[in-house]
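In: got a predicted model here, sequence first, then my questions.
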Amino acid sequence: MSNKNSINSIKNVWNEKNNISLPSKFIKPEKVIHELAGFFSPGEFYYYLFNFQTLQLDYVSEGVKKLMNLSDIEYNSISLETMLNFYAPEDLALMQKKEEAVLNFLLNKIKPSLLTKYKATYLIRYKFKDGAIKKILHQAKTINVSEDGKIQQVIGVHADISHIPGPIDHKISFIGDGNLPSYYSLDPDELLLNTINIRKKFTNRELSILQLMASGFTSSEIAEKMFISEFTVNTHRKNILGKSDAKNVNELIANCVRNGLI
């Protein structure tokens, strides 16, 4: 399937599953900047606002220029099609299925009042003309609901996690705010809700250390940032690894990123 056909198929899913009849008031980018605190971005990233009513981008941050190697002219004319054409063709072809599964979860599997309380995550790859590939963590969250209960605007973050090992498995995770249950590594074909919330494995302190580990900080640097001793950090690292099913730290971090835990 060509990129053009894949993009049209994705748009058809959005139109059919999330057709907006009664739009609500438009939310401006500066009103939702605080939402970025809930996204994982270890390294280069950009964020954007996507409008499901128009199927166009309302805003894209300047971080996209470095991540996608864009000139100022290219950045100023960026569109949804520009973004999607950076996807590896095989990943773009699978995006239709993943977006259909995301909409099925958000619109059919949870209460309407929880629509803005869940973040959807999955992995994709950017493929550049010179053959270079970047592994990207896609994260998106509803910030604006239409009057008829559909997803009107989302804030999304694309973060470069090429330095984190692990496969592109095309599974989807849904991360709930606060004490809401989270659902990890769901197969888009089945979308079976795994109610085991792996957040419960780790304390808040351990989750904070996990995030810093994933961002590449050493034990001494983590200790300095958290105002604790390096010995305490190393003890937490051992406990974290012991609670996980991973063989080493690299596998632990890869699993946590893929599952949306951090």
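Out: That came in fine, so what should we check first?
In: what about the helices in this protein?
Out: With DSSP state H, the ranges of helices along the chain come out as 3-17, 63-67, 72-76, 80-84, 89-104, 204-214, 219-226, 230-243, 249-258.
In: so what pLDDT did L192 get?
Out: Turning to L192, the model gives it a pLDDT of 56.
In: thinking again about what came up before, mind putting the helices of the chain in a markdown table, mean pLDDT and mean neighbour count included?
Out: Using the backbone N, CA and C atoms, a C-beta is placed for each residue, glycine as well. Output for the helices of the chain, formatted as a markdown table (pLDDT from 0 to 100; neighbours: other C-beta atoms under 10 Å):
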| stretch | mean pLDDT | mean neighbour count |
| --- | --- | --- |
| helix 3-17 | 93 | 16 |
| helix 63-67 | 96 | 18 |
| helix 72-76 | 96 | 10 |
| helix 80-84 | 94 | 17 |
| helix 89-104 | 93 | 19 |
| helix 204-214 | 85 | 18 |
| helix 219-226 | 93 | 16 |
| helix 230-243 | 89 | 15 |
| helix 249-258 | 77 | 20 |
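In: right, so of these, which gets closest to L55?
Out: Among the helices of the chain, helix 3-17 comes nearest to L55, with 5.8 Å by C-beta to C-beta.
In: okay, now the domains of this structure?
Out: 3-196, 201-258 (automatic domain parsing).
In: so which of the helices of the chain gets nearest I161?
Out: Nearest of the helices of the chain (C-beta to C-beta): helix 249-258, 5.9 Å.
In: any low-confidence regions in the stretch 51-200 of the chain?
Out: 191-200 (pLDDT under 70).
In: what about the closest residue to A254 other than its chain neighbours, how many residues nearby?
Out: What sits nearest to A254 in space, not counting adjacent residues and going by C-beta to C-beta, 6 or more residues apart in numbering, is G166, at 3.3 Å. For G166, the count of nearby residues is 16 (other C-beta atoms under 10 Å).
In: ok, G166 touching V257?
Out: Yes. Contact criterion C-beta atoms under 8 Å: G166 and V257 qualify, at 7.3 Å.
In: and the longest strand anywhere in the chain, what other elements does it pack with?
Out: As assigned by DSSP state E, the longest strand anywhere in the chain is strand 133-145. Strand 133-145 sits against strand 118-127, strand 151-160, with contacts defined as 3 or more C-beta pairs under 8 Å, 6 or more residues apart in numbering; DSSP states H and E.
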